[in-house]
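sequence unknown, structure follows:
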């Protein structure tokens, strides 16, 4: 599992998976808040118009309606952009979905800075933190299209609330699409350093691992798409085996996977941890990938931080 | 509207409502906190629903064809608990555990603690959307069951209430009834001096709800409106029920100070006396 393949749309993978699920599960319903073309729920809506509800620009009430459908015995998928799903509708998700333990799957597209030109208002960098703080919520951040497909099936299968964060940009395929909730998967073996990554930055992490392999440094790369439940044993094994961890996420490390990795290691097996993500500032308009570089998530920056950690551990000079 | 409900039925409902009001006062005194004003104002509406209008079977709480009651104003929990206990869903003695650690009777209704509650509510502007979702499900299934959502008037200041009403009208949910407990008072004072919601019936009509206005303490009017809602063929019905905050306890009536405050011992004794019982009377 090395060379990245051509970028593919996570949103397309989600929309197609919904159609497949719709064929198999007559109780499946899908909701959207006037973004069904962007989120790709339209694919389901065209196929199953009776079970598709485009409620217009009312994200709060999309969540409560989804809850009512779920409390009636259905599985409800609700989609919109991450800033609306997790931000705008937070307390509706909290009470009507999580507190009620409603079987609603929120699949939010347009997470992170890669929203690009729409700017800071729409670039959601706090959603992983908000959603993983909710009791009973499953949180998943797939890094490519095959994983997105598998995740859509996995959250459908598992009863209870879930939040899935997708990226607007097409992303290179870096996994074989195998996914199990609560399991991290190792995409690159290594013993000198561990890179823990979710979402769009996983591919960059793998590139860095291969580059370092060229100079004799062996880097383990773990895909932590399953943020909650979280594979703490895999993280702690990595801490023991490699002695240092670098976290990559297109999200604020204050509350995201960086915070989770730092707290889990410090409580159980303290090792040096460095966190790369969106610093504690809002984003701005710009070309999507240029924004990642401008906000400290370039491949060069990842290499630099990796090198710092390797030096700290005495693995390189 | 109506007027043809048999006198015996009206008398029975009035007696039930009186017992429920007594229980509400006892529960809130035992808990030492809670919301008497909005529980007492909604009592007659909840009584009419739980004891007459709704198709319910306490021996089969999970019956798929049951009607659904969503208390969107979840702080009126004591009224619903007292009605469900009186209807036989659980022992009345349990009412005194309200708000205590480990109790099924949470401060705001909780379906995961007390399964006879259809949806957990409390933060306002949410139960009404859940009711819309349930009504959509009922229509998809071709079910004959009905969904009734009870709203508070302060809750009508919440934007999401109007989102849900817009959806109810848009989807023409004829299996949905929305009842507004229009007691006129919210936590800090009268709704119309804080953030006026009038003309509320016209607003409901503008959102495409068949809208009726009644005295929310007149059982004949309540039963008539609920039946009219069932019979209306073209969409959801809203019932604006004009009520009195704290109804049945003279010193609580119309007082915002009893929106979210439990009565003292002296106040409880006085309230129970007015309701025809006493703290010393055997309970349950």
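Structure received. Since we're looking at a predicted model, the values are computed, not measured. Numbering: from 1, shown residues only, chains lettered A, B, ... in the order given.

from the stretch 1-150 of chain B, which residue is nearest to chain A?
Closest to chain A within the stretch 1-150 of chain B is residue B:133: 2.1 Å, counting by CB to the nearest CB. All C-beta atoms are positioned from the backbone trio N, CA, C, and that covers glycine.

can I see the domain layout of chain A?
Annotated domains of chain A cover A:8-172, A:185-312 [automatic domain parsing].

Where does residue 46 sit, in terms of helix or strand?
Reading this off chain A. Using DSSP states H and E, residue A:46 falls within helix A:42-47.

Actually, chain B is the one I wanted.
In the assignment (DSSP H and E), residue B:46 maps to helix B:36-48.

So what touches the next helix-or-strand element following that helix?
Next helix or strand after helix B:36-48 toward the C-terminus (DSSP H and E): strand B:68-71. Applying CB atoms under 8 Å, 6 or more residues apart in numbering or on different chains, the contact partners of strand B:68-71 are B:46, B:49-50, B:54, B:77, B:80, B:109, B:117-119, B:121, B:127-128, B:130-131, B:134, B:145-150.

tell me the centre residue of chain A?
Taking CA atoms, centre = their mean, the centroid of chain A lies closest to residue A:141, which sits 1.7 Å from it.

What residues does residue B:29 make contact with?
By CB under 8 Å, 6+ apart, the residues touching residue B:29 are B:262, B:263, B:265, B:268, B:279.

Run a quick neighbour tally on the residue of the stretch 1-150 of chain B closest to chain A.
Per other CB atoms under 10 Å in any protein chain shown, the neighbour tally for residue B:133 reads 34.

what's the answer for residue B:264, then?
Residue B:264 has 11 nearby residues by other CB under 10 Å.

any idea how far chain A is from it?
Residue B:264 is 32 Å from chain A, where distance means CB to the nearest CB, to the nearest Å.

Now the residue of chain A at minimum distance from chain B: closest residue in space, sequence neighbours ignored.
Distances between chain A and chain B by CB to the nearest CB are smallest at residue A:68, namely 2.1 Å. Among residues not flanking residue A:68 along the chain, residue B:133 sits closest, at 2.1 Å (CB to CB, 6 or more residues apart in numbering or on different chains).

So that neighbour sits against residue A:66, correct?
Yes. Using CB atoms under 8 Å, residue B:133 makes contact with residue A:66 at a distance of 6.3 Å.

and for these two, which residues touch both?
Common neighbours of residue B:133 and residue A:66 (CB under 8 Å, 6+ apart) are residue A:76.

Could you give the separation of stretch A:87-98 from the chain centroid?
Centroid separation between stretch A:87-98 and its chain, computed with CA atoms, centre = their mean, to the nearest Å, is 19 Å.

Likewise for stretch B:47-56?
That offset, for stretch B:47-56, works out to 11 Å (CA atoms, centre = their mean).

Does that stretch reach chain A?
No. Using CB under 8 Å from any CB of the partner chain, stretch B:47-56 stays clear of chain A, with a minimum separation of 15.8 Å.

Might you quantify the distance of the lengthiest helix in chain B from its chain's geometric centre?
Longest helix in chain B, counting residues (DSSP state H): helix B:7-31. Helix B:7-31 sits 13 Å away from the centroid of its parent chain (CA atoms, centre = their mean).

Local confidence estimate at the closest residue to residue B:185 other than its chain neighbours?
Of all residues beyond its chain neighbours, the one nearest residue B:185 is residue B:245 (4.3 Å), with distances taken as CB to CB, 6+ apart. Looking at residue B:245, its pLDDT is 98.

How much space separates residue B:245 from chain A?
Counting by CB to the nearest CB, the gap from residue B:245 to chain A is 25 Å.

As a check, name the ranges of all strands in chain A.
A:7-8, A:28-32, A:52-54, A:75-81, A:104-109, A:138-140, A:162-165, A:171-172, A:185-188, A:193-197, A:219-223, A:226-228, A:245-248, A:273-276 (DSSP state E).

mind putting those strands in TSV, mean pLDDT included?
Converted to TSV, these look like this (pLDDT from 0 to 100):
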stretch	mean pLDDT
strand A:7-8	96
strand A:28-32	98
strand A:52-54	98
strand A:75-81	98
strand A:104-109	98
strand A:138-140	98
strand A:162-165	99
strand A:171-172	98
strand A:185-188	98
strand A:193-197	98
strand A:219-223	98
strand A:226-228	98
strand A:245-248	98
strand A:273-276	98
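
In CSV: those strands, plus mean neighbour count and distance to chain B.
CSV is the format used below for these (neighbours: other CB atoms under 10 Å in any protein chain shown; distance: least, CB to the nearest CB, whole Å):
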stretch, mean neighbour count, distance to chain B
strand A:7-8, 15, 33
strand A:28-32, 26, 8
strand A:52-54, 21, 7
strand A:75-81, 28, 8
strand A:104-109, 28, 10
strand A:138-140, 27, 17
strand A:162-165, 28, 17
strand A:171-172, 22, 33
strand A:185-188, 20, 33
strand A:193-197, 30, 34
strand A:219-223, 25, 33
strand A:226-228, 23, 20
strand A:245-248, 27, 34
strand A:273-276, 22, 33
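
Turn the ones you listed into JSON lines, including distance to residue A:116.
Formatted as JSON lines, the strands of chain A follow (distance: least, CB to CB, whole Å):
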{"stretch": "strand A:7-8", "distance to residue A:116": "14"}
{"stretch": "strand A:28-32", "distance to residue A:116": "21"}
{"stretch": "strand A:52-54", "distance to residue A:116": "25"}
{"stretch": "strand A:75-81", "distance to residue A:116": "13"}
{"stretch": "strand A:104-109", "distance to residue A:116": "13"}
{"stretch": "strand A:138-140", "distance to residue A:116": "23"}
{"stretch": "strand A:162-165", "distance to residue A:116": "16"}
{"stretch": "strand A:171-172", "distance to residue A:116": "14"}
{"stretch": "strand A:185-188", "distance to residue A:116": "26"}
{"stretch": "strand A:193-197", "distance to residue A:116": "20"}
{"stretch": "strand A:219-223", "distance to residue A:116": "24"}
{"stretch": "strand A:226-228", "distance to residue A:116": "23"}
{"stretch": "strand A:245-248", "distance to residue A:116": "19"}
{"stretch": "strand A:273-276", "distance to residue A:116": "19"}
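
looking at the domains of chain A, which is buried most?
Among these, the stretch with the highest mean neighbour count (mean count of other CB atoms under 10 Å in any protein chain shown) is domain A:8-172, at a mean of 23.

residue contacts, the closest residue to chain A within the stretch 151-284 of chain B?
At 3.8 Å from chain A, residue B:163 is the closest residue in the stretch 151-284 of chain B, using CB to the nearest CB. Counting by CB under 8 Å, 6+ apart, residue B:163 makes contact with A:58, A:60, A:61, B:129.

And what about the nearest residue to the third one once chain neighbours are set aside, helix, strand or coil?
Using CB to CB, 6+ apart and skipping residues adjacent in sequence, the residue nearest residue A:61 is residue B:163, 3.8 Å away. In three-state terms, and counting by DSSP: H, G, I helix; E, B strand; the rest coil, residue B:163 is helix.

where does the chain dip in pLDDT?
Using chain A here. A:1-4 (pLDDT under 70).

let's do chain B instead
Along chain B, the parts satisfying pLDDT under 70 run over B:1-3.

Tell me the residues on chain A that lie near chain B, please.
Chain A comes close to chain B at residues A:29, A:50-51, A:53, A:55, A:58, A:60-61, A:63-74, A:76, A:91-92, A:94-96, A:99-101, as judged by CB under 8 Å from any CB.

Name the residues of the longest helix of chain B that come out as buried.
B:10, B:13, B:16-31 (16 or more other CB atoms under 10 Å in any protein chain shown).
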